[in-house]
Each structure stands twice: as structure tokens, then as C-alpha cells.
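J.: I would like the atomic coordinates for the input below:
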Amino acid sequence: MSKNSSESKKSKHDEFAATQIVERADYSKEDRDIAFAVEVMSAAVINERQLASALANWTLHGSTLLSDHLLKKGLITQKTQIELEQRSECRLKELWDEAIENNENTINASTFTKAALERLDESGRIAKLLGISAAVSSVQNDELREHLSRYQLIHKIGQGGLGTVWLARDKELQRYVALKEIRTRKTTSKAALDRFRREAEITGRLEHPAIVPIYQLGEDATSGQIFYVMRFLGKQTLEDAIIEYHERREAGDDNPMLLRNLLAAFVTICQAIGHAHSRKVIHRDLKPENVAIDNFGQVIVIDWGLAKVLDDAMLNDSFSEDEFMEVIDGQRTLAGQVLGSPLYMAPEQAAGRLDEVNESTDIFGLGAILFAIITGHAPHEKTRESSGSATTRELITEIASGPTPHASTANEDADPILEAICAKAMAKRSYARYTSTTALAEDVQRWMAGETVSAYKERFSQRIGRWIQHHQRLSQLIAVGMIMLIVAGTTLTISARQNHLAAQQAQFEEMRSDEREVEVQLVSAAKELSVDVRFMSTLPPIQGIIEARVGMKESEGEEVWHGRLETIFEGLLRANTNYLTVAYIAIDTDKPQEIVRVERHASDQSYIRRVPKSRLATLELSPLFKSVMELAPGDVKLSLDEQLSVNHRKSKHRKILAAIPVFDEQSGNFFGLVAIEANIIGQIQNILNGLDNRLGEIYITDNEGKILVTSNSANGVEVISHEMAISELIPQTTGFFSKDSRKRYLSNGSTFIAYRVQLDPTDASCCLGIVEKIPSDD
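T.: So this is what the prediction gives:
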């Protein structure tokens, strides 16, 4: 061919290509809808479930553009619509220019739509949502290809950055198989070929029922392409099953067996990954999309393209950034050392710390799959939405530096035990995760069997409930005695749920957890004190003394009853180290008189003494006594302002007093009261010392906001001897503890939280304050 002829032909091609670009200035509706759907998902404007719900009453082949439909549904704003339409237009033009360059003058509207879908939606998720399947459509216009005269390619199943997967027929065994070949490109690097071959070799060495089996690794004699053949599993994935489960739940079909089926599949995945770990192989890209479910419901782990063999110098990750970007699709792999799918990625993967990527990284991935099962969302999906990360790189940065997401923030109805299992598997630090996939699977199986799990510390009421389930006949015999315990446990649980606050940042959530634990224990201590004083008032010596005083003939002498009551009071003080005084007081005049008083020595807490009659005090008719005189039988009055014992009045520690009225059972007249005085400061110290982790600084105050006890990680628990108001440290709390304030909760939503705990349900002044703040950086 002559030079002029060649130039003439080139000129015609350039003219034709330019003409085609001009002609494609107005793309078909299908082209625009496909490109817009890809942009919507890439920008994380809405998630996949929201898009699927919106597409339920829309069709690709109708007259309404997808962008207009989503705008009408209120899922996007007009500004977002314009921005995404512009980006999708640019994406389509780039594809058209590339198609013109690669196909010369053979491109047309029909072939372009198919090519666009294959390039924009290599995973096939968008096509499935839109109700089309260009990426997996039959190749009726292409001639059937053969590999080594044995495998006949039928149609594409899907494709990614590294290879294309075909449905093929094994002509020798007359069965359908999946054949994956490396994608044809102008230049295919040695790194890409090595990585493709390594994927087949690693997968082939793993012989497990839940890992896709490899039938053959070879090279096509005609094209020279490397390929490998594996079992054909169909199109259903765990991701599809999870989406279906949560859609059915939202529609009202909350069948517990649906969740159990997903968890059973999860256990199978754990077992498969455990087998891989026993062969020194880690997957590094675990997510629901990489778990297939065949027609018989069998769970198969697939896509081992990012797998790594530990301690194998021949299979390392020393590839350049360009080689990685050529081998793996940009949505899955970023700059050279970051491997995995961002929405399910472990922090060490996001940070590119390859020396820390090991079996625990896969355990994080398994936890991420469990997170998706529980919530219906990928773990970092909310992270992307809340942080506004516009690019994958920004999302990677957020994952590496930000807190680990909690399942309850994505689904408030998440089971707390499953959430605890998920949180342990997805711990920020790898050493805090499960030590093996077996341990993780065992915890999930124990939850399914209704047994206790290692990741969750059950409350006493939950252990009681479990015991009742396993011993139903025996529990019926002791049901009367257990009713009070069950009611108490239920009351505590309801109280904790009623005080549940809106989701905050992960650090703020942990601080709230400390506050709630202190609150529950303070209320529990007050209730226990009330129960004890109520029990003391029902003792036989109480009425025995009354009968002796009114001169009933059959009654024993008052001295006998007096001694018996002292013995019981002394036993109560020995059993409760924070109890200071127990007293029985008669009130028949304006001068209440102590009948019996047993007290703990002020300086030697181990010494308990019975106060002799000569030292029993005549008291003033205080407001507390007047309040108790007005109570109904069985009612208890708590007070933080009054004290009984002269012995302890010089002590700097704050007391809590519980008092209950005593009536003459014969006449029904008011006789006096029984009171218990306890060291509330000692109880607060015990509660704060029992906290596992103190994220911030905790302050316990009186009802006026004066600090009683502090706790922090540096100094531990300290009792404040000098008067200091919490408002001096946190000015925002000024007025919160005033008598006129009706608020129970105060927070700025980020650095501090304040709560008033009412110990006596009938007296708002009988309360303590819990204040916690995150320490400022100096």
C-alpha cells in the first residue's frame, strides 16, 4: 500500500471517528441510565438497597430517566442530579472515544450499550439492579471459542480487573464449568500473569467443601491466554441472600429461620477460611459478594485473587503501583500496598501495613460479613456516608485512622450478643480479635444454640433466664421466690433501655457506656439498701418489743427481744461492709428514742459494737422522721442529707440513710421506724474501681453539683476532701444541678455528658450526679 493511500485511509478513519463522536453527543436513554446508576453508587449518594427499592416501580425501557425518577423519590437533590449527570456524560464520552479507537468504524448504538455496561459494571451488580445483564449476556453474535479442544465457551458470567469468567462446557465429561481467563489487553505485564497464575495455584491447593475446586490450569493453544477451570456455581451470592433477608424484614417477614440460615452459612465460611489458614493461606478480600451459594444451598468461598501465602518468599506482594493498577480494578486496590475491598477492609490493610496482614485480617473480614448479615450494610458504608468521602482514597484514609463501626449504629435492632461477637472480630487492634476462625464460629454457634458466648458478658438476669429455660420443671417449683429477682432484672433492663441515647461518635459512645454502667449500679445499690431495711422491719423481734411494751402476757420480755434484734443487726453489718449503723427507733413524742442501735466503729471499720441502753440517744423529730411517719406500710424513704449515728458525724464521707415505718400489728398504730445508714462514698469507690476501661474523667457529685469522687486513668479513684463544684471544670453544667432544674440529661454531643440519678423515686432531691468528659489534649 502506498504512502498516499495509507494517509488517505487514515484521514477517512479520523473523519469517520470525529463524525461518530459528534453523532453520539446525544446518547440513548439506556446509556444514560446505566452511566447514571454507576455514578450514583460510586459517589455513595444512596446505597444498593435504597436503589433497589426505588427501581421496583421503574423500568430501564420506559420514558422516565433514572435521574428524574430518583429526584422524584426524594433520594437525590437537583444539585446532585446535575453533578452526577455531568459526570456520567463525561464517562460515556470517554468510553465512546475508546470504542472508536479500538473498533474503528464498527461501533454502533447497540454494541456501544453492551460495551458500556461491561466496562462500567464489571461486577454485574448494576446490571442486575436495572433488570438487564449485558455483562453476562449470551454471545450470540460471537463465534463460540474453544480451549484445548475440550472447553467450549458459551457466554460470559462476569469480569473484573484481572480476568473474565465464562460459562463453558466440558466436552469430555459433558458438564458445565466456569472458565476464567486473563483479560486480553494490548500489554499484559508479567506481574498480571504471575498474579493470575498464583490465584489458580493457591485456590487449587485448598481442598475443602466450601472452597471452589479448581479442575485445571492451562494455556490456550490458539490465543496463548492462561486460564483455569473451576466448578460452575451459578449467580447467587451471600450478598443477594443478605439483601433479600433485610428486604423481607422491612416488609414485616421477620422469620428467625432466615437469620439462622445466614448464620449457618457464616459458620461454613469460617470453617473454610480456617482450613485456608491451616495451609498458611489468607484470603484478604472477604465480603458477601465473594461467597457463592449454589443451587443446593451449599456455601462456597470464591475469588482468591488477593490471597497470600504466609512465610512464602515466592508469593510476596512486591509489585509496583502501576502493576497493581493493571492487575486489579481500581475500586478494589489502591496504591501498591493497599489490598482489598474498601467497604470491608481491615484498618491494617487500609494503612498498607503488609507486615501486619495475617490471619487476624481475615478474621476482621469475617466480622465484616457478620456485620452485613446483622445490619444489611457493609461496615464502612456508613463511614463513607457520614464522612462525605468523595473518593476511594479518602475512604481508605478514614478507615485507617477512624474508629471501627458498631452494628448498633447501622441497625438499632441488632442483637446485642451478635453485635458483641461482631465487635470482637472487628476490633481495631488485631490482638483484640478472635485468635482463630474456629473461636469465632464457635461463638456464633453458641448464640444459635442459646448458650453463653465468650465475647459477651451476660447480666445476672440473663443467666437466670437461661437457667429457667433449661430447667423448666424445677423453675416452676421455685417460681414464687424467683419472681422478685426476675422483676428486678427486668426493671433494670427497661431502665437502661429508656436511658439509651442517640448514636454518637465511637469515642463518645464508649463514654456513654461508662456513665450508664455507673448509673445502673448506683440505682441497684439504692434498691438493695431499700430491700434490706424493709426486711429488717419485718423481723419477729420488731413486733416482739412492741408487744412487750404494751404488756401482752404471752410475749417474752423486752430484753430477750432486744438481744435477738441486736444479733440480727450485727450480722447485717458484718455482711455489708458499707453499712455503718442499723437502728430501731420509737416515736411516740416529739423526742424519738432509740431502742436498739448497732454501729460500725468510726476509726476501726472491722469493729462492730452494740450500743448499750445508757448510750442510746434521744433524737430530734427531724424532717426525715416526719416524712417516714406519713409513709404507708412497706414504703421506704431514702435521704442523703440526714444522719443517725453520732459516732460517724465527724466523718468527711457522705452517708445515705434508708428508713421505713413500723406499725403495731395489733392496733395498727404507728410505733416508730427502722433505719440503715450506709457509706455512699465507699459504694461509689467500689463501682468506679470495677470499671474495665475509663476512657475519660468521671465525676460523681451530690445533688448540688459538688464533686464527691473523681476517677481517671492517670490517678485512679480519688475522694475529694475540699469543696469544688463541677461547673468550675465544665461551665456548661452551670444551673444543671440547681433545685429549679428539671433536666436529667445534659450533653454537648461530643466532649461531655452529665446525668442526674434519682435514688429515691419519690424524692427528686435524693440524687447524685454522674459527669464524664473526654480530657483535653495539653
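J.: Can you name the next helix or strand after the lengthiest helix in the chain?
T.: Taking DSSP state H as the criterion, the chain has its longest helix at helix 506-537. Using DSSP states H and E, the helix or strand that follows helix 506-537 towards the C-terminus is helix 540-550.
J.: In that next one, which residues are buried?
T.: Within helix 540-550, the residues that count as buried by 16 or more other CB atoms under 10 Å are Pro541, Ile542, Gln543, Gly544, Ile545, Ile546, Glu547, Ala548, Arg549. In this view, the C-beta of every residue, glycine as well, is placed from N, C-alpha and C.
J.: Now tabulate the residues you listed in TSV and tack on pLDDT.
T.: Shown next, in TSV, are the buried residues of helix 540-550 (pLDDT from 0 to 100):
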residue	pLDDT
Pro541	93
Ile542	92
Gln543	91
Gly544	91
Ile545	91
Ile546	90
Glu547	88
Ala548	87
Arg549	85
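J.: Which member of these is positioned nearest Gln685?
T.: When the buried residues of helix 540-550 are compared for distance to Gln685 (CB to CB), Ile542 wins out at 32.4 Å.
J.: Surely the closest one and Ala586 touch.
T.: No. Using CB atoms under 8 Å, Ile542 makes no contact with Ala586, being 11.0 Å away.
J.: low-scoring stretches of the stretch 451-600 of the chain, by residue?
T.: Along the stretch 451-600 of the chain, the model assigns pLDDT under 70 to residues 462-463, 465-472, 475, 479-482, 496-507, 553, 555.
J.: redo that, cut-off 90
T.: 451-519, 547-558, 588-591 (pLDDT under 90).
J.: can you check the stretch 651-778 of the chain too?
T.: Applying pLDDT under 90 to the stretch 651-778 of the chain flags residues 651-655, 665-667, 680-697, 702-705, 711-724, 726-755, 760-766, 772-778.
J.: can you give me the helices in it?
T.: 680-689 (DSSP state H, counting those that start in this stretch).
J.: And the strands in it?
T.: 655-663, 670-679, 697-701, 707-712, 716-719, 745-747, 752-760, 763-773 (DSSP state E, counting those that start in this stretch).
J.: Make a markdown table from those strands and add mean neighbour count and distance to Lys280 to it.
T.: Output for the strands of the stretch 651-778 of the chain, formatted as a markdown table (neighbours: other CB atoms under 10 Å; distance: least, CB to CB, whole Å):
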| stretch | mean neighbour count | distance to Lys280 |
| --- | --- | --- |
| strand 655-663 | 23 | 60 |
| strand 670-679 | 24 | 58 |
| strand 697-701 | 25 | 46 |
| strand 707-712 | 20 | 44 |
| strand 716-719 | 15 | 45 |
| strand 745-747 | 17 | 49 |
| strand 752-760 | 22 | 47 |
| strand 763-773 | 21 | 46 |
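J.: export the ones you listed to a markdown table and tack on distance to Leu206?
T.: What follows is the strands of the stretch 651-778 of the chain, written out as a markdown table (distance: least, CB to CB, whole Å):
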| stretch | distance to Leu206 |
| --- | --- |
| strand 655-663 | 63 |
| strand 670-679 | 63 |
| strand 697-701 | 50 |
| strand 707-712 | 50 |
| strand 716-719 | 51 |
| strand 745-747 | 51 |
| strand 752-760 | 49 |
| strand 763-773 | 49 |
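J.: To Ile595, which of those lies closest?
T.: Taking the strands of the stretch 651-778 of the chain one by one with CB to CB, strand 670-679 is closest: 7.3 Å.
J.: May I have the strands that pair with that closest one, each with its orientation?
T.: Note on strand 670-679: by DSSP bridges, its sheet partners are strand 579-586 (antiparallel), strand 655-663 (antiparallel).
J.: Let's see the longest one as PDB, backbone CA atoms only.
T.: What that stands for is strand 655-663. Taking C-alpha atoms only, strand 655-663 is exported to PDB below (Å, rounded to 0.1, in the frame of the first residue of the first chain):
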ATOM      1  CA  LYS A 655     -23.900   8.900 104.000                       C
ATOM      2  CA  ILE A 656     -27.100   7.600 102.600                       C
ATOM      3  CA  LEU A 657     -30.000   6.800 105.000                       C
ATOM      4  CA  ALA A 658     -32.900   4.400 104.400                       C
ATOM      5  CA  ALA A 659     -35.800   4.400 106.800                       C
ATOM      6  CA  ILE A 660     -39.100   2.500 106.900                       C
ATOM      7  CA  PRO A 661     -42.100   3.000 109.200                       C
ATOM      8  CA  VAL A 662     -43.100   0.300 111.800                       C
ATOM      9  CA  PHE A 663     -46.700  -0.200 112.900                       C
END
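J.: shaky segments in the stretch 201-350 of the chain?
T.: Using pLDDT under 90, the stretch 201-350 of the chain drops low at 218-226, 233-236, 247, 249-256, 294-297, 303-345, 349-350.
J.: what ranges do the strands span in it?
T.: Using DSSP E, counting those that start in this stretch, the strands of the stretch 201-350 of the chain run over 214-219, 226-231, 281-282, 291-293, 299-301, 308-309.
J.: Direction included, what does the first one pair against?
T.: Strand 214-219 has the following strand partners under DSSP bridges: strand 226-231 (antiparallel).
J.: contacting residues around the strand it pairs with?
T.: Outside strand 226-231, the residues that touch it by CB atoms under 8 Å, 6 or more residues apart in numbering are 147, 151, 168, 170, 177-182, 193, 196-197, 199-200, 203-204, 212-220, 300.
J.: now those residues: which count as buried?
T.: Going by neighbour count (16+ other CB under 10 Å), the contacts of strand 226-231 have 147, 151, 168, 170, 177-182, 196, 199-200, 203-204, 212, 214-218, 220, 300 buried.
J.: returning to what we had before: with distance to Lys706 as new columns, can the strands of the stretch 201-350 of the chain be given to me in CSV?
T.: Conversion of these to CSV gives the following (distance: least, CB to CB, whole Å):
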stretch, distance to Lys706
strand 214-219, 72
strand 226-231, 72
strand 281-282, 56
strand 291-293, 58
strand 299-301, 60
strand 308-309, 59
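J.: To Glu30, which of these lies closest?
T.: Taking the strands of the stretch 201-350 of the chain one by one with CB to CB, strand 291-293 is closest: 28.8 Å.
J.: helices or strands up against that closest one?
T.: helix 238-250, helix 256-278, strand 299-301 (3 or more CB pairs under 8 Å, 6 or more residues apart in numbering; DSSP states H and E).
J.: make it 7 Å
T.: helix 238-250, strand 299-301 (3 or more CB pairs under 7 Å, 6 or more residues apart in numbering; DSSP states H and E).
J.: Any idea which of the strands of the stretch 201-350 of the chain gets closest to Ala272?
T.: strand 299-301 (4.7 Å).
J.: Cheers, nothing more for now.
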